[in-house]
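1. with the sequence up front, the predicted model follows.
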Amino acid sequence: MKLLQGKRVLLCVTGGIALYKAVGLASSLRKLGVELKVAMTPAATKLVSPVTFSSVSGASVYVDEFSVHSGWIPHTELSRWADVLVVAPATANTVAKIAMGVADNLVTLIAMAFQKEAKVIVPTMNVRMYSNPVVEENLERLKARGWTVVEPVEGSLACGEVGKGRYPDNEIIVDAIAASLLPKKFRGKKVLVTAGPTREHIDPVRFISNRSSGKMGYALAKAARWYGSDVVLVSGPTHLPAPWGVKLIRVETANQMYEETMKHFKGSHIVLMAAAVADYAVGEPVSKKIKKGPERLVLELQRTVDILEEMGNQKDSQVLVGFSAETHDLEENAREKLRKKRLDAIVANDVSRPDVGFESDENEVVILTEDGVLTIEKMPKIDLALAILDFLARRFDFD
């Protein structure tokens, strides 16, 4: 992810039982090319050794707020150094201290001194503690002061109880860090994204589908959320986790995707139709498995509704962006689709290439509008998603 390369991340860890998972976060951040330093509370050092963090991530680790030497004061120097401050995990005690301005250890001193906008906190604790009104009020205080709060997830907790309080996947925390560093050029905008394939059933065990992995659509949803928009993602069947901060609606068939997208279309400012929706469906799927029989089996297929064309006919102020997967005549076919479906822009890619497109983590595209063409060279899909949104922000005055 180019966005994080070279960024200075200060990871502050506290004495929660989920602390060991932050070791993985430190390792992941270094692999993404960030400059990393780690600060620990005294309680954290009783659960995980500072040597563990430095060994896994190669980062410098700081524990003692009194280790002042040669005019170097840890909490002020570290807070100046960092581009983004991350407190993960944050115990209820640390959340309360930061919210109320208590600065009695290195981590809370850093939080007091840090004056940049990019700051992320990941509260983890027992479910009853997390639902305590005091904790809820403290988290609201932090949100009001510009902190990005990554909420814990539901599941089995260390105490044996089940509920909301578990440390989230590190991928979600990385998403929140990325989002904290970006300008909110789409703040107040509602973005609708579709992703993945659809499945059209033949019988209870067989279906017609395609090779779409959903990776491009999910990357677009992530990027739109990072830029500050409210995002609804309507997704066909994929193996991808729900993006952080995005409302995910899972569907299976083309008709289900049509119904869900049209529910949100009118209220959206930007619509990114990246799903590979089936053009045809079985006219009458059978209710029981078709047994092996004659040498030939004929399926009668019917056209599905053209969601993009329907949106083009109904749109008023929305910026409507189509996606076109082609194997030949890329620009010609995309240009025709742009015109026929009354799109504002179309993003086209060549799926005949084995190194980009379906199932790949990278892509190369051409963006066409009524008055121009932009080629974006091969890059990771998340970076491409940001580039596409940057283009739309410039072209349609969202900056």
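-> Great, that's in hand. Residues are numbered from 1 along each chain as shown.

2. tell me where the stretch 101-250 of the chain has strands.
-> Assigned by DSSP state E, counting those that start in this stretch, the stretch 101-250 of the chain shows strands spanning 119-123, 148-149, 153-156, 162-166, 190-195, 200-203, 206-208, 230-235, 247-250.

3. now do the contacts for the nearest residue to L297 once chain neighbours are set aside.
-> Excluding the flanking residues, the one nearest L297 by CB to CB, 6 or more residues apart in numbering is I290, at 7.2 Å. Every residue, glycine included, has its C-beta placed from N, CA and C. Taking CB atoms under 8 Å, 6 or more residues apart in numbering, we find I290 in contact with I202, D203, R206, L297.

4. check I290 and give its pLDDT.
-> pLDDT recorded at I290 is 92.

5. secondary structure element holding it?
-> Counting by DSSP states H and E, no helix or strand carries I290.

6. show me where pLDDT drops low in the stretch 251-399 of the chain?
-> The stretch 251-399 of the chain contains residues with pLDDT under 70 at 399.

7. how much space between the residue nearest to L4 when sequence neighbours are not counted and S57?
-> By the measure of CB to CB, 6+ apart, the closest residue to L4 outside its immediate chain neighbours is L32, 4.7 Å from it. Counting by CB to CB, to the nearest Å, the gap from L32 to S57 is 11 Å.

8. and K247, how many neighbours?
-> Number of residues near K247 (other CB atoms under 10 Å) recorded here: 15.

9. ok, now which ones touch G267?
-> Per CB under 8 Å, 6+ apart, neighbours of G267: K190.

10. neighbour count winner among L32 and S57?
-> S57 (23 against 18).

11. so what's that one up against?
-> V23, A26, S27, L29, R30, L36, V38.

12. please name the nearest non-neighbouring residue to it.
-> Nearest non-adjacent residue to S57 (CB to CB, 6+ apart): A26, at 3.8 Å.

13. count of neighbours near that neighbour?
-> 27.

14. wasn't it part of a helix?
-> Yes. Counting by DSSP: H, G, I helix; E, B strand; the rest coil, A26 falls inside a helix.

15. tell me the buried residues in stretch 29-42?
-> Across stretch 29-42, burial judged by 16 or more other CB atoms under 10 Å covers L29, R30, L32, V34, E35, L36, K37, V38, A39, M40, T41.

16. what is the nearest of these to P50?
-> Lowest distance from P50 to the buried residues of stretch 29-42 (CB to CB) belongs to M40, with 6.0 Å.

17. still on that earlier bit, phi and psi next, for the residue nearest to L4.
-> Backbone torsions of L32, given as degrees, to the nearest 10, read phi -80, psi 0.

18. contacts only, for it.
-> M1, L4, Q5, V174.

19. and for L182, nearest residue in space, chain neighbours not counted?
-> W226 (5.0 Å).
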